[in-house]
Each structure stands twice: as structure tokens, then as C-alpha cells.
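**Student:** Build the 3D model from these lines:
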Amino acid sequence: MAASDAELDAARAALAPTLEATASILPWVAKPPEPRFPPEPAGRWQATSVRLAAAWADRPGPGLADLRPAIFALCSIAIELADSDCLRLSEALASATDRLETPGSLDDARLVTSLSAVIECLAEPGNLEHEAFSERARHFTARLQRCAAPQAGPLVRSNALERIFLIEAGECLEQMNDALDALPPDAYGLKTAAARLARQAGMLELEDIVTTAGELVRLLTLRAGESVDLEAAAVRDRARSLVDQLDGAIAAIG
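**Tutor:** Numbering: from 1, shown residues only. Got it, this is the predicted structure:
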């Protein structure tokens with residue numbers, strides 16, 4: 001039996017407070033969180049970080065000439081941002097890159113790896129607003145300070161950084177397993193997830209994971225005129241073995 005107009009009006013009246021309350025919180029729920037840093041200097045920090053990454057990538061060529069000006073610009077922007085973590089990190093970058101003036105410094109694997117990890121992380125979009133930025137900045141600062149003063153003791157990772165790494169590494173492992181289990185197997189997806197894991201592990205100096213993930217990337221790297229056939233038993237078995245090794249290494253951290 002259809003409800004009468006009076007019954008419908010009564011139902012609307014009863015629901016009105018709930019609907020009004022819901023309507024009042026929807027804009028708040030949909031509203032993105034307030035940025036931690038002013039957009040204008042934060043945008044310049046991001047652009048300068050990208051410029052720094054380009055200079056570092058071109059270090060065998062003329063890139064080193066652009067490296068120091070980019071780092072000095074980061075120091076200046078860090079003062080504008082009024083953030084101690086940004087300032088300490090940019091100062092540590094400046095100190096570490098002072099060592100690049102020493103002949104043969106680019107053969108120092110620890111220095112090059114540390115600078116690569118920091119610079120790649122800074123160049124990632126939205127990194128300044130990442131929830132773990134402060135933790136990462138402090139970790140990178142300590143790591144760079146060790147490069148500038150090699151006699152310093154071993155670097156200790158924070159529990160928070162390890163937890164964040166384990167979450168992100170778990171996502172990479174899931175993507176890699178999904179790529180292997182797809183029909184046909186997804187070589188590009190597997191390679192992308194392995195490269196991402198290698199970058200994340202490099203941030204924490206987890207060299208065994210960096211090495212294994214790097215080997216998986218190389219296994220899936222295309223050469224001119226060639227393609228990776230993950231359906232070939234030998235390639236697929238090797239890829240599966242490397243993913244299993246990564247799974248074990250990550251589980252050991254947890």
C-alpha cells in the first residue's frame with residue numbers, strides 16, 4: 001500500500017536532522033588536508049629538487065657544475081620554509097657534496113649511493129608533504145653526515161622508518177606476485193615494482209634487498225630488438241626465485 005502524502009512528510013521531517021548533519025560534514029570529509037608548508041616556497045623546493053636530480057644524473061658530464069647551485073638554493077628555501085629538518089638535510093647535502101671535489105670521489109660507492117638515495121627521494125612528487133618526510137629527512141641527514149665524516153659510527157634506522165618501509169615493500173611484493181601470476185605475465189609491472197623496491201631499500205641502506213631487486217630489474221631490462229619472455233620457464237623461474245628472496249629478506253626485517 002502506497003504511503004500517503006502525510007506519511008511521507010512525516011518521514012522527511014524525521015530524517016531532516018540526520019540529512020542536515022550529513023550535509024554539514026560532507027565538505028569537511030571531502031576537503032583535502034591543509035599542507036604543512038606554504039605552497040609557493042614548497043613548489044620551489046620541489047622544482048629545485050628536480051633540478052638537483054637532473055644535475056646528479058648528468059654527473060659524468062657537466063651536471064656536477066649545476067649541483068652546488070641547486071643545493072645552495074635548497075638551503076635558501078629551507079630557511080623560508082622555517083623547517084629544521086629541511087635545513088639540516090640541505091646543509092648535510094652541501095657537506096657531503098664538498099667531498100666530490102676530491103679526486104676519485106665518484107668511485108666512493110657509499111658516498112654515491114647515499115647521495116643518489118637522497119636526491120631521488122627529494123625529486124619524488126609530493127615528497128615534502130609525505131607523512132614520513134621528517135623521519136626520512138633525519139635519516140638522510142645522519143647518513144650524509146656519515147659520508148662527510150666516515151669515522152662516525154654505524155647508522156641506526158628508526159622503528160618508524162622500518163615500519164613505513166615494510167608497508168611500502170609489502171605493496172611492491174604484492175605487485176610483483178600479481179605480475180608473475182598474470183596471464184600472460186606482466187614483465188613491465190614486475191620490473192617497475194622491483195625498481196621501486198630497490199629505490200626504497202636504498203634509502204635505508206638495505207644493500208641485500210637493493211642488490212636482489214636490481215638483479216630482477218636487469219633480468220627484465222629490454223635490449224634493442226629483444227623482448228623479455230616471462231613465459232619462458234628459465235626466465236620465469238629465475239624471476240620467481242628473486243621475488244622469493246626479496247620476500248624472505250623483507251620478512252627478516254619485520
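**Student:** domain parsing for this protein?
**Tutor:** Using automatic domain parsing, the domain parsing of the chain gives 39-148, 159-253.
**Student:** For the last one, measure first residue to last.
**Tutor:** Which is domain 159-253. 11 Å (CA to CA, to the nearest Å).
**Student:** Over that domain, what's the mean pLDDT, rounded is fine.
**Tutor:** On average, the pLDDT along domain 159-253 is 86.
**Student:** chain center to it, what's the gap?
**Tutor:** Centroid displacement of domain 159-253 relative to its chain, using CA atoms, centre = their mean, to the nearest Å, is 15 Å.
**Student:** Same question for the longest one.
**Tutor:** When distances are taken as CA atoms, centre = their mean, domain 39-148 is centred 14 Å away from the chain's centroid.
**Student:** tally of neighbours for A65?
**Tutor:** 11 (other CB atoms under 10 Å). The way it works is simple: take the backbone N, C-alpha and C, and place the C-beta from them, glycine included.
**Student:** Outside of stretch 211-230 itself, which residues are in contact with it?
**Tutor:** Outside stretch 211-230, the residues that touch it by CB atoms under 8 Å, 6 or more residues apart in numbering are 176, 180, 184-188, 190-191, 194-195, 197-198, 201, 235-236, 238-239, 242-243, 245-246, 249.
**Student:** So which bits of the helix or strand V217 falls within are buried?
**Tutor:** Here V217 sits within helix 207-219, counting by DSSP states H and E. Within helix 207-219, the residues scored as buried using 16 or more other CB atoms under 10 Å are I209, V210, T212, A213, G214, E215, L216, V217, L219.
**Student:** how about these in a markdown table, adding distance to E129?
**Tutor:** Output for the buried residues of helix 207-219, formatted as a markdown table (distance: CB to CB, whole Å):
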| residue | distance to E129 |
| --- | --- |
| I209 | 26 |
| V210 | 26 |
| T212 | 31 |
| A213 | 26 |
| G214 | 29 |
| E215 | 33 |
| L216 | 30 |
| V217 | 28 |
| L219 | 35 |
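**Student:** What is the nearest of those to D85?
**Tutor:** Top of the list for closeness to D85, among the buried residues of helix 207-219 and by CB to CB, is V210 at 24.4 Å.
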